[in-house]
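Asker: I need the structure of the sequence given here:
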Amino acid sequence: MTNLSEKKPARGTRARSVARKLAMQALYQWQLTGQSAADINLQFLASEDSASADREYFTELLKGCVAANERLSQAIAPFVDRPLDQLDPVETAILLIGMYELRDRIEIPYRVVINEAVDLCKRFGATDAHKYVNAVLDRAAREIRAAERG
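Answerer: Prediction:
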């Protein structure tokens, strides 16, 4: 018998969107503070915001983007017009998540990856930054997901 006060892990589209939002915030913090992904992960999972998130996916995104930062940054480089360290940290975090999903989570349709990134950028990025993120990820998807795009 399960305890009714125990919360089931959040699943579904909304929970994944919240996980991406938290991962973007965590990656922003990681870029600015240099804290370890493990410490940031624990901090975010302890927050109330994580209750509605797919917590496993959040952890995967955070740890995956940090661990593969160099590989993901190199993968993004051909699609941007300046070095990543010259981009806003919010946009960099969103692009890292988008590239991670395009390359490592091929079961997620590329349109979903791009739409989620654009939505995050509209909410948290600079004015019109969503247009830049959309263009970068669209160009990347043409190459990485060529078969899916048709």
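Asker: contact partners of the strand or helix carrying Asp138?
Answerer: If you go by DSSP states H and E, Asp138 is part of helix 129-144. With contact meaning C-beta atoms under 8 Å, 6 or more residues apart in numbering, helix 129-144 is reached by 75-76, 79-80, 88, 90-91, 94-95, 98-99, 102-103, 110, 113-114, 117-118, 121-122, 125, 148-149. (Each C-beta comes from the backbone N, C-alpha and C, glycine too.)
Asker: swap in 10 Å and give it another go.
Answerer: Contacts to helix 129-144, defined as C-beta atoms under 10 Å, 6 or more residues apart in numbering, come from residues 75-76, 78-81, 87-88, 90-91, 94-95, 97-99, 101-103, 106, 109-111, 113-126, 148-149.
Asker: kindly report the same for stretch 27-41.
Answerer: Residues contacting stretch 27-41 (C-beta under 10 Å, 6+ apart): 22-23, 25-26, 42-44, 50, 55, 58-59, 61-67, 69, 84-85, 88-97, 100, 124.
Asker: now swap in stretch 77-92 and tell me
Answerer: Contacts of stretch 77-92 (C-beta under 10 Å, 6+ apart): 24-25, 27-32, 69, 72-74, 76, 93-96, 99, 117, 120-121, 123-126, 129-130, 132-133, 135-144.
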